[in-house]
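K.L.:
no FASTA, just this:
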């Protein structure tokens, strides 16, 4: 797996401009705050972004302000006509990662435009600011083979490890148990959906079934936590 790290850097350098989002293919979507600024400053903001991932994944446009004003739960039922299927996600203080496959034509682009626009408007209004919040258009990489696709599940879900130990990739993990528990308890990634077997934002049925059981999730995390040499640093 050592070659994956160098390949990942090459794929990232290619950017999103020449990428066509094809039905049945899988993509790593990511973006960060302009000037690397923090884009999630409170649990409420993380929760708002997660809600957007859920309610805006619909081919039918909707007035989201009415949804948040309504007394009924936002999570009552999945939108009937999703634009994309989400295989994994993780929100970090100044960036986010998504693992998507399109379900309709231009589904990825439409979905990302809606989510990023809605969140920027919400954040700017809340903080009484104007202008761009994110670094332009989103970035995307095609998961062109099975090895890279499987790697992405761990790459995305293990992002929070750096919040516990900023240099964990550069050295052997000193306390695997604590780092594992931190990653598995992180509230703003899809790891809990895989551990519980109860997907809400994600739709694992549209992705290769790498993580069939809870034990698969645990072992997958442990393998990558103890293979720091295979990560880009």
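P.N.:
Yep, it's here. Quick caveat, the model's predicted, so the values are computed rather than measured.
K.L.:
which residues does the helix ranked longest in the chain contact?
P.N.:
When the chain is parsed with DSSP state H, its longest helix is helix 107-127. For helix 107-127, the external contacting residues (Cβ atoms under 8 Å, 6 or more residues apart in numbering) are 21, 27, 29, 31, 39, 41, 45, 48-49, 52-53, 56-57, 64, 82-84, 100, 102, 104, 129-134, 138, 140. Where you see a C-beta, it was placed from the backbone N, CA and C, and this is true even at glycine.
K.L.:
what does stretch 94-103 give?
P.N.:
The contact list for stretch 94-103, computed with Cβ under 8 Å, 6+ apart, reads 21-33, 36-40, 49, 53, 82-90, 108, 111, 143, 152-153, 155-156, 159, 206-207.
K.L.:
one more time with 7 Å, if that's ok
P.N.:
21, 23, 25-33, 36-39, 82-90, 108, 152, 156, 159, 206-207 (Cβ atoms under 7 Å, 6 or more residues apart in numbering).
K.L.:
in helices, which of these appear?
P.N.:
Using DSSP H, the contacts of stretch 94-103 in helices are 108, 152, 156.
K.L.:
relative to residue 88, how far out is the second one?
P.N.:
Distance, residue 152 to residue 88, using Cβ to Cβ, to the nearest Å: 7 Å.
K.L.:
hmm, back to that, which PyMOL command selects the buried ones in the ones in helices among the contacts of stretch 94-103?
P.N.:
Filtering those down to the buried ones (16 or more other Cβ atoms under 10 Å) takes a single PyMOL command:
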select buried, resi 108+152+156
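K.L.:
just the ones in helices among the contacts of stretch 94-103 now: which is nearest residue 217?
P.N.:
Among the ones in helices among the contacts of stretch 94-103, residue 156 lies closest to residue 217 (Cβ to Cβ), at 12.8 Å.
K.L.:
for the closest one, give me its contacts.
P.N.:
Contacts of residue 156 by Cβ under 7 Å, 6+ apart are 88, 90, 97, 99.
K.L.:
quick one: the first one from residue 174, how far?
P.N.:
I take that to be residue 88. In terms of Cβ to Cβ, residue 88 sits 27 Å off from residue 174.
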